[in-house]
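*Asks:* For reference, the sequence and a predicted model appear below.
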Amino acid sequence: MTTTLDHGVEADSIPHERLSSRAIIAILLFVIPLSQIALDVYTPALPKMAAEFGASNDFIQNTVTAYMLGMAVAFIPAGLIADAVGRRRVLLAGLALLATATVGCALAPTLPALLCVRFVEGIGASVCLLLAATIAADCFRGAKLVSVLGILGAAWGSAPVLAPAVGGLLVQIGSWRLVFGLFALFVASVGLVVAKFLPETLPTERRSPVNLRAAVGVLGAALRHRTFVAFVLMFGLVGAAQMVFGVVAPFLFEVKLGFAPAVYGLVALAVGVANLTGELACGALARRLSSWRLGFGAWVLFFVGAGVLVVTAAVVGVNAWAIAVAAALAFVGIGVLDPQSKGLAMGVFSRNVGLIAGLVNTCCYLIVSVAMVLMAYLPEESQAPLGWLYVGVGAVLAVLLFSTLRRGVAHDAV
């Protein structure tokens, strides 16, 4: 492994002999949403799970935090190993671990046991998310990589669209354990597709033997790159804004407003469609608009949504329409900023891509975990805490956008 981090090349894609780039993208479209499905599909059941285990709302939300922490700790080791032995075997191992841990979630007899298995489930999910993005970075560079990540982000963004609606229906007619059982079957099916069709995208000559000292040097050099750090911070803040809604909204709609889980699932479906719209827009516009124009337009939508949450909390109180409309506006912006910031971060360097991708995702999920802990202990009497969190995120994003994209630093880095 080298400690030198090279800037991205200008070529749009790198051909692979065994499978076309489009076919690889098609397979990745099934892999990349798995981590988000595992997060979102059971959230409509959180109030019922709290009742079954006799736990408080904030404690049951720790099933999300445990999952996030599992993801955060696994990204860098998985990236390091994937740079050494190749992508395919590591991805298959992650899929196997995710499927097995999900079965464990379905069978968990106590809440502490569920928390432990959710942590392991997060490890498996992190490998799937990391390797999907890393394989894309193996095959594409520059604006094309941002565009492809936008397409993959649309699949990742489809989880908040479909998963809560499906999960709410399953909880309504069955139980939260059924949700985990069916998800385990889906993960196993994706694993079979990967095993049969996905080629190895990292040639032997580009692999880097595991060298912890060199890896520390690579990570240190990346963390000293100001533009890279700015993009990573953007990615983490956007991810936190997205995922916090998934754990706060069920309690606002089901507990405060009295919605049934299936009905809340439909609300989440509508908000998820907004997120998906942003992801698709990023995929379509990344190569047509400048990074500044695309990012600034998305930020405006996000900040307007944040403002609506704060203002309506003070004026009309907890209101389903106000929360849904504000969240939809914010999520369109999130849908654009998420793949854009991740693609720009990963496009800064062309060497040690797996390790760099691991660093990007680790930082993101550590930020998300902190946000989850913060929101778990804030009052959930209205949408105001969520709105003020969004306002704070929006303020930091404005500074980061101006200091990178507006000043043209991003163009020099990728």
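*Replies:* Sure thing, it's come through.
*Asks:* hang on, residue 36 packs against residue 154?
*Replies:* No - using CB atoms under 8 Å, residue 36 makes no contact with residue 154, being 11.7 Å away. C-betas here are computed from N, CA, C, even on glycine.
*Asks:* what about the two, which has more around it?
*Replies:* Set side by side, residue 36 and residue 154 show more neighbours around residue 154, with 25 against 22, by other CB atoms under 10 Å.
*Asks:* got the contact list for the more buried one?
*Replies:* For residue 154, the contacting residues are 276, 279-280, 283, by CB atoms under 8 Å, 6 or more residues apart in numbering.
*Asks:* now do residue 132
*Replies:* Residues in contact with residue 132, defined by CB under 8 Å, 6+ apart, are 28, 31-32, 91, 152.
*Asks:* any idea which helix is longest in the chain?
*Replies:* Identified as the longest helix of the chain according to DSSP state H is helix 142-173.
*Asks:* rewinding a little: which of the contacts of residue 154 tops the neighbour count?
*Replies:* With neighbours taken as other CB under 10 Å, the top of the contacts of residue 154 is residue 279, carrying 29 neighbours.
*Asks:* quick one: which helix or strand includes it?
*Replies:* Element membership of residue 279, judged by DSSP states H and E, is helix 261-285.
*Asks:* Please name every helix or strand in contact with that helix.
*Replies:* With contacts defined as 3 or more CB pairs under 8 Å, 6 or more residues apart in numbering; DSSP states H and E, helix 261-285 has these neighbours: helix 142-173, helix 226-250, helix 291-315, helix 320-346.
*Asks:* What's the per-residue pLDDT of the nearest residue to residue 345 once chain neighbours are set aside here?
*Replies:* Spatial nearest neighbour of residue 345, excluding adjacent residues (CB to CB, 6 or more residues apart in numbering): residue 231 at 3.7 Å. Looking at residue 231, its pLDDT reads 94.
*Asks:* my read: residue 231 touches residue 338, true?
*Replies:* No - using CB under 8 Å, residue 231 is not in contact with residue 338, being 11.6 Å away.
*Asks:* List phi and psi for residue 349.
*Replies:* In terms of degrees, to the nearest 10, the main-chain angles of residue 349 are phi -130, psi 150.
*Asks:* Okay, and the beta partners of it?
*Replies:* Beta-bridge partners for residue 349, by DSSP bridges, are residue 7.
*Asks:* tell me the contacts of residue 45?
*Replies:* Taking CB under 8 Å, 6+ apart, we find residue 45 in contact with 167, 171, 175-176, 179, 261.
*Asks:* List only buried entries from the residues you listed.
*Replies:* By neighbour count, with 16 or more other CB atoms under 10 Å, those hold 167, 171, 175-176, 179, 261 as buried.
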